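Chemist: need a structure here:
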Amino acid sequence: QVQLVESGGGLVQAGGSLRLSCAASGLTVSSYTVGWFRQAPGKEREFVAGIRGRAVLTAYTDSVKGRFTISGDNAKNTVELQMNSLKPEDTAVYFCAATSHISRSRDDYDYWGQGTQVTVSS
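Modeler: Below you'll find the predicted structure:
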């Protein structure tokens, strides 16, 4: 049974940093595309960042480029999202998800975590 568990969310002031972690069981993260998505109130769930293999491929949505970094720890079977220079508009529930495809589309992701709240105050 596949399980993805996010951790690391919280409340931070604008300009601060948080590090999210996605711990996987039942699959090997280096064999999948693991993505981070976020959903703000009243908005659709959007792709934030993704990683494939041993960081062979990484991708970011434009609004987080230069501020967020996705990485994988194969020994721990986790994927992290380092978020720096956070802005109030980054406030959302952040989800990790996994797919066997190479995709930014949430419809292509088969496995999802329960989400972790990130709140950035101004």
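Chemist: what sits up against the helix or strand of the chain with the lowest mean pLDDT?
Modeler: Each helix and strand of the chain was given a mean pLDDT (mean pLDDT, DSSP states H and E); the minimum falls on strand 57-60 at a mean of 90. Residues outside strand 57-60 that contact it (Cβ atoms under 8 Å, 6 or more residues apart in numbering): Thr33, Phe47, Val48, Ala49, Gly50, Ile51, Arg52, Phe68, Ile70, Ile102, Arg104. No exception for glycine: its C-beta is placed from N, CA and C like everyone else's.
Chemist: quick check: the farthest pair among those residues?
Modeler: Based on Cβ to Cβ, the longest span within those runs between Phe68 and Ile102 and measures 19.1 Å.
Chemist: ok, how many other residues are close to Val120?
Modeler: Neighbourhood size, Val120 [other Cβ atoms under 10 Å]: 20.
Chemist: now Lys43
Modeler: Lys43: 9 neighbours (other Cβ under 10 Å).
Chemist: which SS state does it fall under?
Modeler: Secondary structure, DSSP: H, G, I helix; E, B strand; the rest coil: Lys43 is coil.
Chemist: ok, for it, nearest residue in space, not its chain neighbours?
Modeler: Ala92 (7.8 Å; Cβ to Cβ, 6 or more residues apart in numbering).
Chemist: next, work out how far apart Val79 and Ser122 are.
Modeler: 29 Å (Cβ to Cβ, to the nearest Å).
Chemist: now swap in Glu80 and tell me
Modeler: 26 Å.
Chemist: of the two, which one has the most company?
Modeler: Glu80 (19 against 9).
Chemist: isn't that one up against Arg19?
Modeler: Yes: contact criterion Cβ atoms under 8 Å: Glu80 and Arg19 qualify, at 6.0 Å.
Chemist: can you list the low-confidence ranges for this structure?
Modeler: Regions of the chain meeting the criterion pLDDT under 70 cover residues 54-55.
Chemist: show me the strands in it, by range?
Modeler: 3-7, 10-13, 18-25, 33-39, 46-52, 57-60, 68-73, 78-83, 92-99, 111-112, 116-121 (DSSP state E).
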